[in-house]
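Undergrad: For reference, the sequence and a predicted model appear below.
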Amino acid sequence: MSQWADSLERLAGEVLPEPVYRYFRQGARDGVSAGEASAAWDRYRFLPSVLRDVTEVDCSTTALGTSLSSPLAIAPTTLQRAAHPEGELAMARAVAQAGSLLVVSSNSGSTFEEIAATGVRWWLQAYVPADREACKPLLRRAVEAGARAVVLTADTPVVGVKYDGAAATVWDVVDPALLRVNFRPPPVDSLGHASGDSLGDLKATDLGPADIARLGEETGLPVVVKGVLRPEDARRCVEAGAAAIWVSNHGGRQLDYAAATAHCLAAVADEVGSDAEVYVDGGVRSARHVLSAVSLGARAVFLGRLPLYALAVDGGDGVARLLAELGAELEDAMRLVGVSGLNACHPQGSGLHVQDVTDRSAEHPMGP
């Protein structure tokens, strides 16, 4: 990673209000899972191949039929307008310029229509509320605005506890108008007061495989299930109709002490095989991490906090610079490990391997 990209978290801390910066950085409870994420990727080592023609290197791939310039894509994050006034619109323009993919939070502070007008290819991230009817207007609006897939977040029956102590929280300093703008206004009573839980704040604690099929039927879009760490859960999702499995522990923001995604990816990918695409996020900070993820079975690798920090530091230009630098670093890494295309990195190939240095018996092929 470049020195600039490596300093993004610190630089963001210099420009953001402290409660906002803390909210972006923090994990659930003691922050163990959040803190372990990057180090888990650092444990992998490459066994490069030599005498390979790497004059031309192709980093491109696809995700559910959408062409991407590289496996790098942007995970959903809320409060982007608290990071930068243009929020999701600046993020979207940078992602479109990079030929990447944006997953838009259902809590976005910019309308789906505004985001779509940037020309970005985008998916909707959605929570299923206890009242299944409550999310239908949001889903319809996303479909009408051009969303290409819906990402079901499956690891949030309740919101993980964050420790702020006596300090002001992000909710004390952020204007509520900076999020949830795509939800329909709640009904009001005769006094003009909002009534009921029409926005679907109460998340479903009975989420099940049937919800995957329901989302697909209601939207007509492929469904990605995000928040999967166990192979058997991945299999249940695929059998229920999921088009892709997203290995994620919510950036360590839900269950603290959840396993690092770097340690779960290979088993999930092995279980899913060619039945569905597999993606991953969590602690990815460099092209080396990206290449490890691809070699372990990920078709796309999603960045969460890093582009959010880049947005805070330099708006859309910061996000564009981040994606450009990581893309260039990925090309360089591919040449050095001896592969000219990402297909050669697929774990079903033979030749190059990526190895967990804490477990010398665990080698995963990177392809010929």
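TA: Arrived safely.
Undergrad: give me the number of residues near Thr111?
TA: A count of nearby residues for Thr111, using other C-beta atoms under 10 Å, gives 15. Every C-beta, even on glycine, is put in place using the N, C-alpha and C of the backbone.
Undergrad: pretty sure it is in contact with Phe183, am I right?
TA: No: Thr111 lies out of contact with Phe183 (C-beta atoms under 8 Å); the separation is 10.7 Å.
Undergrad: Could you pick out the longest helix of the protein?
TA: If you go by DSSP state H, the chain has its longest helix at helix 305-337.
Undergrad: the strands in this structure, which residues?
TA: 44-47, 61-63, 66-68, 72-74, 101-104, 121-126, 150-153, 223-228, 244-247, 277-281, 300-303, 352-356, 363-367 (DSSP state E).
Undergrad: pLDDT on the last one, on average?
TA: Mean per-residue pLDDT for strand 363-367: 50.
Undergrad: do the first one as well
TA: Averaged across strand 44-47, pLDDT comes to 91.
Undergrad: so how far is it from its chain's centroid?
TA: 24 Å (C-alpha atoms, centre = their mean, to the nearest Å).
Undergrad: With just CA atoms, put it into CSV.
TA: Output of strand 44-47 as CSV, limited to C-alpha atoms (Å, rounded to 0.1, in the frame of the first residue of the first chain):
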residue,chain,number,x,y,z
TYR,A,44,-0.8,-15.2,4.1
ARG,A,45,2.3,-15.7,1.9
PHE,A,46,2.6,-16.4,-1.8
LEU,A,47,4.5,-19.1,-3.6
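Undergrad: got the buried residues for that strand?
TA: Going by neighbour count (16 or more other C-beta atoms under 10 Å), the buried part of strand 44-47 is Tyr44, Phe46.
Undergrad: strand partners of that strand, parallel vs antiparallel please.
TA: strand 352-356 (antiparallel) (DSSP bridges).
Undergrad: who touches stretch 13-28?
TA: 9, 12, 33-35, 77, 79, 82-83, 160-164, 167-170, 172-174, 251-256, 305, 308-309, 312-313 (C-beta atoms under 8 Å, 6 or more residues apart in numbering).
Undergrad: Are any of those residues buried, and if so which?
TA: For those, buried by 16+ other C-beta under 10 Å: 9, 12, 33-34, 77, 79, 82-83, 160, 162, 170, 174, 251-256, 305, 308-309, 312-313.
Undergrad: now the helices for the stretch 1-150 of the chain?
TA: 3-6, 8-15, 18-25, 32-42, 80-83, 87-98, 112-116, 136-145 (DSSP state H, counting those that start in this stretch).
Undergrad: Report the contact partners of the residue lying closest to Gly316 once chain neighbours are set aside.
TA: Distance criterion C-beta to C-beta, 6 or more residues apart in numbering; nearest residue to Gly316, sequence neighbours excluded, is Ala90 at 3.6 Å. Neighbouring residues of Ala90 by C-beta under 8 Å, 6+ apart: His84, Leu311, Gly315, Gly316, Val319.
Undergrad: Pass me the low-pLDDT residue ranges in the stretch 51-200 of the chain, would you?
TA: For the stretch 51-200 of the chain, applying pLDDT under 70 flags the ranges 184-200.
Undergrad: Leu152 versus His289, what's the distance?
TA: His289 is 25 Å from Leu152, where distance means C-beta to C-beta, to the nearest Å.
Undergrad: Equivalent analysis for Asp281, please.
TA: Counting by C-beta to C-beta, the gap from Asp281 to Leu152 is 15 Å.
Undergrad: Those two: which is more packed in?
TA: Shown here are Asp281 and Leu152; by other C-beta under 10 Å, Asp281 has more neighbours (27 against 23).
Undergrad: What count of nearby residues applies to His206?
TA: Just to correct that, residue 206 is Asp rather than His. 9.
Undergrad: please renumber so the chain begins at 4
TA: Done: numbering now begins at 4, and the last item shifts to Asp209.
Undergrad: Can you tell me how far it is from Pro160?
TA: 8 Å.
Undergrad: Please apply the same query to Thr264.
TA: 19 Å.
Undergrad: same check, this time on Leu218
TA: In terms of C-beta to C-beta, Leu218 sits 17 Å off from Pro160.
Undergrad: quick one, which of these two is more surrounded?
TA: Higher neighbour count among Leu218 and Pro160: Leu218, with 25 against 14, using other C-beta under 10 Å.
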